[in-house]
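**Q** Next come a sequence and a model predicted from it.
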Amino acid sequence: MLLKIINSVLILFALYMGIKQGWAMFSGKAPMLEMFSKWGMEKNSVMILGAITIIGALLVLFPRTFIAGNFITAAGILFIAAFHLGDKDLRGFAIELPFLALSLVIIYLQHPLSKV
């Protein structure tokens, strides 16, 4: 029971962060556009990535789409982390690692409302 509560809190945190960062990308906030522009991504690409991030975060809420949502979220994090490594920006890469670990831990603990 305690693990389900902890996992529920982790899922809500991941949901909050996914929507927050996804909205920042989708709405074209200056820091996001600046970060992605150094990797050659234009505003429309960042907006699409933001929409995918929001969709992935929302899919985590439902038991049937839980795994897909987590994989979408993890893929987005890996995408950004790879760009940081390409720039040899270890600080940026290190910032992304806890969020990747969060997705993996949530997948491991499974959805708290699933019947498994």
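**A** Thanks, I have the structure now.
**Q** Sketch out the low-pLDDT regions of this protein for me.
**A** For the chain, applying pLDDT under 70 flags the ranges 116.
**Q** Could you pull out the helices in the chain for me?
**A** Assigned helices in the chain, in chain order: 2-26, 30-37, 43-59, 66-86, 90-109 (criterion: DSSP state H).
**Q** Next one: the most centrally placed residue in the chain relative to residue 98, how far apart?
**A** In the chain, the centroid-proximal residue (C-alpha atoms, centre = their mean) is residue 73; its distance is 3.8 Å. Distance of residue 73 to residue 98, computed by C-beta to C-beta, to the nearest Å: 13 Å. For glycine as for every other residue, the C-beta is placed from the backbone atoms N, C-alpha and C.
**Q** now residue 80
**A** For residue 80, the distance to residue 98 - C-beta to C-beta - is 13 Å.
**Q** between those two, who's got more neighbours?
**A** residue 80 (22 against 9; other C-beta atoms under 10 Å).
**Q** before we move on, back to that, which residues sit in contact with the closest residue to the residue nearest to the centre of the chain other than its chain neighbours?
**A** Leaving aside its sequence neighbours, residue 73 sits nearest to residue 56 (C-beta to C-beta, 6 or more residues apart in numbering; 4.4 Å). Residue 56 makes contacts with 18, 22, 68, 69, 70, 71, 72, 73, 76, as judged by C-beta atoms under 8 Å, 6 or more residues apart in numbering.
**Q** go again using 6 Å as the cut-off
**A** Contact analysis of residue 56 by C-beta atoms under 6 Å, 6 or more residues apart in numbering lists 69, 72, 73.
**Q** Show me which of those residues is closest to residue 87.
**A** When the contacts of residue 56 are compared for distance to residue 87 (C-beta to C-beta), residue 73 wins out at 22.1 Å.
**Q** you'd agree the closest one is up against residue 103?
**A** Yes - using C-beta atoms under 6 Å, residue 73 makes contact with residue 103 at a distance of 5.1 Å.
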